[in-house]
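[1] Structure, please.
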Amino acid sequence: MAETAAPELLPGTITEPEEKSKSELEPGYLVICWNDPVNFMHYVTHVFQVVFGWNRKKAEFHMLQVHEQGKSVLARESMEKAEHYVHLLQKYSLHATMERDE
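    The predicted structure follows:
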């Protein structure tokens, strides 16, 4: 009987092309809240908690950023989700916009 030669496997690395997730391919959009002289700080904190589901500490951090620095970036989302958040914030009478994240 004839012997069958076993194939030799040489050590090396196999490189597979990395597939980017859909979120990495789509540009992100920043949800920004701007300072205004109308709304009280406690109210802004409450709105951030309701809209984003944040705890009080995180909501207060962003509220203070808005108050002291004039704006705060609240989220980086897809275009549709960013539009949704901006709309919700505006329903609560907050000055919110979105811009493309580069």
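
[2] wait, what's in contact with His46?
    Contact partners of His46, counting by CB atoms under 8 Å, 6 or more residues apart in numbering, are Ala59. Using the backbone N, CA and C atoms, a C-beta is placed for each residue, glycine as well.

[3] now it: how far from Lys57?
    Going from His46 to Lys57 by CB to CB, to the nearest Å gives 14 Å.

[4] what does Met63 give?
    Met63 is 11 Å from Lys57, by CB to CB.

[5] who's more crowded, these two?
    Each of Met63 and Lys57 has its neighbours counted (other CB atoms under 10 Å); Met63 has more, 25 against 8.

[6] hang on, isn't that one packed against Phe48?
    Yes. Judged on CB atoms under 8 Å, Met63 makes contact with Phe48 at a distance of 6.4 Å.

[7] secondary structure element for the residue nearest the centre of the chain?
    Nearest to the mean C-alpha position of the chain, by CA atoms, centre = their mean, lies Arg76 at 2.6 Å. Using DSSP states H and E, Arg76 maps to strand 71-77.

[8] Work out the gap between that strand and the centre of the chain.
    On the basis of CA atoms, centre = their mean, to the nearest Å, strand 71-77 sits 7 Å off its chain's mean C-alpha point.

[9] Go through it and flag the buried ones.
    Within strand 71-77, the residues scored as buried using 16 or more other CB atoms under 10 Å are Ser72, Leu74, Ala75, Glu77.

[10] Same check on stretch 46-65?
    Quick answer for stretch 46-65 (16+ other CB under 10 Å): His46, Val47, Phe48, Gln49, Val51, Phe52, Trp54, Ala59, Glu60, His62, Met63, Gln65.
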